[in-house]
Structures are given as C-alpha cells and as structure tokens.
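Chemist: please find the sequence and the predicted model below.
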Amino acid sequence: MTTSGPSSLSLSGVFFDGRTSRDRAAALDVTGEDVRLQAEGGLETRWPLTQLRIDPPVPGVRRVLKFPDGSRFETADDAAVTALEARTGRNRALGRVRRLETRWWTALAALALTLAFAWAFVAYGLPALARGAASATPRSVLATFDRETVQVLEEGGYLGPSRLSAARQAHLQAAFRRVAAWADHGYPYRLLLRDGEPEDAPFQLGANAFALPDGTVVLTDQLVALAHNDRELLGVLAHETGHVTGRHTLASVYQGLGLTLLSVAVTGDLISAGTFAAAVPASLLRNGYSRAAETQADEVAGRYLMQAYGTTKPLRDLLARLEEGDRNADENSVEEGSHTADLLQTHPGTAQRIRHLREIETRGR
Amino acid sequence: MTDAPPPAPPGRHDLPPPALAAEREEGEHLPPLPPTVTTYPLTFTGQAGEYFRLWIVNTALSIVTLGVYLPWARVRQRQYFYGHTWLDGQNFEYNANPVALLRGYLIVGAFFLTYSVTANFDSTLWIAGGIGVLFFGLYPWLVMKSLRFVAASTTYRGLRFRYHGKAGGAYLTYGLANIAALLTGGLALPWAWFMQRRYQVQNAAYGSARASFRGDVGDFYVIGLTGLAVGIGGAVLLAVPVFALLFVLSDLPGLGAGSLSLGVLLALLTAYLAFLALYAVAWQYVRAATLRYVLNRVEVGGVVRTGATFSPWRLTWIGVSNTLAQILTLGLATPWAAVRRTRYIAQGVQVRAIASLDDFAADVTPPESALGEAATELLDINLGF
C-alpha cells in the first residue's frame, strides 16, 4: 500500500470486467472523490467514489470493490480498503463485527455471552414466556384442551369408570364443590372420579390426581383408597385448584413446545446428533420447572387446609403415603433425600414439600 | 467409481514441448495437436481457530438479537468458506443478500410456528394438515428455488454461477422419484439419487457455460449396495456379541431379577447406540462416495472437467468422528469440524481444463428469491450434495 497525502490512496490487485472470467493485474487510485482504475492491457476507467461498492470484510478473505457496470477490483490490501471504508463511512456495522472476530478475547467473551444467554433464556426466559402465553390464552382454548385431553386419556384406556359407590362419589363431589367455591376464579370446575388402573392400560396412573387448564380435576380411585379421611383428599383437590388458577398445565405445555422449537433452531445443522443430545437436558429442565409450580399449588392447598381445619397435616400424611406407597405411612416416614436426587425429581422432594406445609402451618397460627 | 484423473503437475497452461510447437509452426500439414490439459488443484486456506472466532461471534450476535442477525451470520459463515477456497489463483465468493434471507426466514418461521401450534388441537388440526400438504406439494419447487439461489449467489472470477432447472424437472426428480423410492421400499432410491444429481449438475452453469453430467444410474446402485452392505455386515458383526451377552446374562445363576433386567437393559442400550452409529457410518459413506462420483463426472462448457481423488472411506471417518467431537463438546467443535472436512475435500479436488479458465463469458442473471434457500435451511431439507 502506498498512500500519498491524506485523501489519496493507491491499491494494487486484480480486475474483472464482469463479462468474462479474464483476470487482469490492476491498480486503483483514489484521489479525493475520484476513483481511477488502470488495468493490464491499457484499460482505464474513472468512477465517482460514491458509486463504488465495498463488500463487507471477512477475516482472511481478499477484499472486493464493485463498480456499477458489474466490473470489480479485488485486492489483498485490507488496510487500504479499511481506510477507504473509514473515509466513506461504509460497512460500519459489519466492520465492527470483523474486529470482534479477529481477536481471541472478544471471541471468548462471545462464547461466555452465548452460554450465559442460552442458560438464562432456558432457565428464566422460556418459563416466563410460557407463563405469559398461558395467562394470555383465551378461555375457549382452555375448554378445548380439557375436552380433548380427557378424551385421549379415556379412549387410550388410561382412565376407566370409577368403581366407587354412588354414595361415596356424591359425597366427594359435594366436598369438591366446597373447595371449588372457595378457590373460585371463574373457572368451570368439575371433578372426574376415575379408575386409574383399568385393565389393559398402556401405563398405570395409579394413585394420582391432576388438573387440566379449564378446571377439570381428575382423581383416581387408587388415591381415594390411599387416603384415610376426606380432609386429606380435600387437601389434594385444593392443591389441584392451585394448578388451575396458576395455569401451570398450560405453561408446561408451552414450555415443552418452546424447548422443541429451540432445539430445532439450535441444532439445525446437526440432524442426528442434535435431537438425541438435546432431548436429555430438555427433559431435565422441563421437570425442574414444575418444582416452582408444585410449591405454588402447595401454598394454595395449605391456605385452604388452614382455613378449613387449622392444620396442614392431612396433606402431609397423604404425600408421605404417596411417596412410600404404603397405606400405613405418615409424614414422619419420609427421609430427606440427597440434593442431587432432589434435582433430578419431577416434583420437589416429598420431604421438602412436607417441610413447606409445616411452615405454612406455623405461619398460619 | 475409480477414475481418478491422471496425476498432472499443477500450473497454468502447461506449454506443449517446444519441439512439437516448433514443428507445428513450420509444417501446417501435420495433424492437429491433442489439446493441452492443465490441472488446477483446489485449495482451502481457512483456519479452524480463525473460523471459530467468526462462528462464535456471529452465534452470540444471533442470540443477542433474538435471531434477527441470523441471516447475516449465515452469510458471513459461508463467505468465509467460499472466500478461502482458491482455484487457479482466484477465490470464490458468496454474495447472498441477508435481507432477502431474513424475509424468507420470517415467512417459513411463521408457517413452522403455525404448524407446531395447530397440530396440538383436533379442532385446528386441519390448518396443520393444510400446511403439511402445502409443504409436500411445494417441496420440489423449494428445492429448485434453493438451487437457483445458491448458484446465483456464487461468484468466481467476477462471473456468477447460474442454475437453469425448471419446476417440471424438480417435480420429476424430487417429487416423483422420491415417491417411487418410497413405494418400492428403497429399490428405486439409487435411481432417485441419480436423477437428482443429474438434475443438479445438468442445469448448472458458470457464466454462459453449461455443465453436463456423465454419470450412470448403475454406479449409484453400486454406491447404495456398498452402503447397505456396510450396514448389514456391521449389524451382523455387532449382533453376535450382543446376543451372546444377552444369553450369558439370562443364564447366569444367582442373579436377582433386578440385576438381570438392568444387564439386559444395558446390553439393549449399547446395541441401540451401536446401530445408530452404524446407520451414521453407512449414510456418511453414501454421501462421500456420491460426492466423489459426481465430481468425477462433471464437465463445464466442454472444456473443463472436475475430478476428485479423496477417499470416500476417509471422508466417512471424518464425518463420523466430526459428529462425535461435536456431541462431546456440545457443539463447540462445529467450526473445527467444518474446516477439517472442507480442507480434506478441497485437497482432493482438481479441475482439468483444455482451455484457459480466462475464457468464460457472463450470462445475464436475474435476481433470485431467497425463499427456497431459507426453507431448505430451516426445514432441514437435505440436498445431499
């Protein structure tokens, strides 16, 4: 590069006329606002500087200057082209990107930023987005969701008709109406009593209770059998209304959808590796999310139990029995698990939940 | 499959021996000289470290801008690879317009999102179904648009490549041929590959010089059968120890039911992963062998032939070990893997010409839409080339 004066630049490189593939050695001189190109074979052209297009820089790649007639000048003289860019104000943004790309410390900072951003997005951004989407979902969609989920579960043979006596069923329905009236947030609550272990079920739901977004709560005969009294069941039902009002089910559905979309976007190039590698962390994180939701629903159940009976013990005992799978267990049968085991669980550790319910009781007194 | 070009010294326009040249000047009665063949090697000058920095900076920018920068990132990444690929003293150039790509991404992304959401409810399933049908109906057209866009975005020596393929050809090769492959249980698959490669090459052009493909459908069957043999042979070799292990485990006395099922589970998991790896090996081989075969059968403007001398097996190994490295580093080895693969391919590719590479002329190139390109990238359509 030879420069003469502040406003004059001289570059050497190759010229292509854009009509043939012939390469000619060439020199480009910039004087003021005037560009003069001289190529091998006596060719000489002049252009106003404003008509010159400069392609954005890419590390290690020859620079390209383009003229309006389709001809071009290519040069390895990056410094001179960069000076020209600075003078004409071209490629400001991508010039900065190139500077970031050429240094190791900015690249490592970009790596740290990527990891931090990805983690923050999956850990906080996506759940927040899912919660927002869940609370913005119109009610008509919720009703559809309930209807279709129950249909899938019944047609798939996961749920059978309840084997409880009609009197027992009527009694539980009446009790549930009290809880629903207490929890009322305008949802059309209904309780479905079902057999969780019908014959030929592809998967045994067993002693279980769950809530669908529009207020449908499913309670299995097996959980009814596990309970010693109605108070325990009412604690569970209040817990489920907490999931409904918090729109937890819908949020977890959106989270699942978001993670799927995200893994497709991130691993777009790695077809085979991506889906497999992404599935594991996705499911781990998804399970982690519902921990906050469980705690929130326990809070609702605790408030109901405190108001109705002045104690949270019924739910604590039922949780312990669910954990131990033993009809004679109570809250003292549950041992504290290790922290790593806690992290891998779908729900917060039962011991942790029992402790939380005890705290609610102490607070409520 | 093994018609590597004869080794020739690289260089520009090798002159005929002086004696012959002199003779020619004096005696016009002599028969015309056989054309001089010049071999130009392809070289790739990209560096893994340099590309890693470009890649991570652009990835970070894409994430921070919530994906808006993504088209610029894709264009820069490609510009790096094209710009570092040299032939006869000049490099290639990729010059797609990121704004056009962004528009395509947004359209395709909106369809993809609508599809994902509506597929979850019975009442809106018809929308998802409609999008699905639309995609399958448009797939060959999208492939054609993508090929046109990639060709029009590639420049060498100031001249653009072009792609002249029409929708009819795309529907025949990417629609009908694929359906035929499906209906025949894979029997017609190599034929479909042949039709697709031929469609890709025959319609390509450098400036005004058209490319032609001298391949034969039989050779694609050889490649397909070799891949199949690798898969089946490997499966048999793997099945013997797996079954032996299962047999030993189920026969072992003194083991409780719990430990037995754990052992069986582990054996099954190992077998599953091994078969997955086997499938990857067979598929990588087919890809590598096809690439080499096609490169050895391309002719441009009647004066240039491409040739490939790289080993398909070595390329298979690079493909498999790259994937492994990418999994183990959670994707951070992606730039290294891409540079490694490109470098190996480039050092095994040559261009042989009987005329100077200076003599190509331009063709008028209308601007191409980026929709097809965006769709093929986002929806992961494999062009296999």
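Modeler: Nice, I can see it.
Chemist: A strand includes A:L191, no?
Modeler: Yes - the assignment for A:L191, made by DSSP: H, G, I helix; E, B strand; the rest coil, places it in a strand.
Chemist: what bridges to it?
Modeler: As for beta bridges, A:L191 partners with A:V217 under DSSP bridges.
Chemist: now do it against chain B, distance only.
Modeler: Taking Cβ to the nearest Cβ, to the nearest Å as the measure, A:L191 falls 24 Å from chain B. Every residue, glycine included, has its C-beta placed from N, CA and C.
Chemist: A:G310 too?
Modeler: 43 Å.
Chemist: residues contacting that residue?
Modeler: Each residue near A:G310 by Cβ atoms under 8 Å, 6 or more residues apart in numbering or on different chains is listed here: A:G364.
Chemist: and the pLDDT for the closest residue to chain A within the stretch 101-250 of chain B?
Modeler: Residue nearest to chain A within the stretch 101-250 of chain B (Cβ to the nearest Cβ): B:G158, separated by 2.8 Å. Note on B:G158: pLDDT of 91.
Chemist: how about it, nearest residue that isn't a chain neighbour?
Modeler: A:F16 (2.8 Å; Cβ to Cβ, 6 or more residues apart in numbering or on different chains).
Chemist: just confirm that neighbour contacts A:R22, I think it does.
Modeler: Yes - applying Cβ atoms under 8 Å, one finds A:F16 in contact with A:R22, separated by 7.3 Å.
Chemist: ok, the two, which is more surrounded?
Modeler: A:F16 (26 against 20; other Cβ atoms under 10 Å in any protein chain shown).
Chemist: any idea how far A:G132 is from that one?
Modeler: Separation of A:F16 from A:G132 (Cβ to Cβ, to the nearest Å): 54 Å.
Chemist: need the three-state assignment for A:E74.
Modeler: Under three-state DSSP, the three-state class of A:E74 is strand.
Chemist: how much space between it and chain B?
Modeler: 8 Å.
Chemist: check contacts around that residue.
Modeler: A:E74 sits in contact with A:13-16, A:62-65, B:90, where contact means Cβ under 8 Å, 6+ apart.
Chemist: please redo it, this time with the cut-off set to 10 Å
Modeler: By Cβ atoms under 10 Å, 6 or more residues apart in numbering or on different chains, the residues touching A:E74 are A:13-16, A:23, A:26, A:55, A:61-66, B:90-91, B:93, B:157-158.
Chemist: now the common contact residues for A:F16 and A:R22.
Modeler: Common neighbours of A:F16 and A:R22 (Cβ under 10 Å, 6+ apart) are A:39, B:157-159.
Chemist: am I right that B:K145 is in contact with B:Y174?
Modeler: No - at 11.6 Å, B:K145 does not count as touching B:Y174 under the criterion of Cβ atoms under 10 Å.
Chemist: which one's more surrounded, these two?
Modeler: Each of B:K145 and B:Y174 has its neighbours counted (other Cβ under 10 Å); B:K145 has more, 25 against 22.
Chemist: how about the more buried one, secondary structure?
Modeler: The three-state label given to B:K145 by three-state DSSP is helix.
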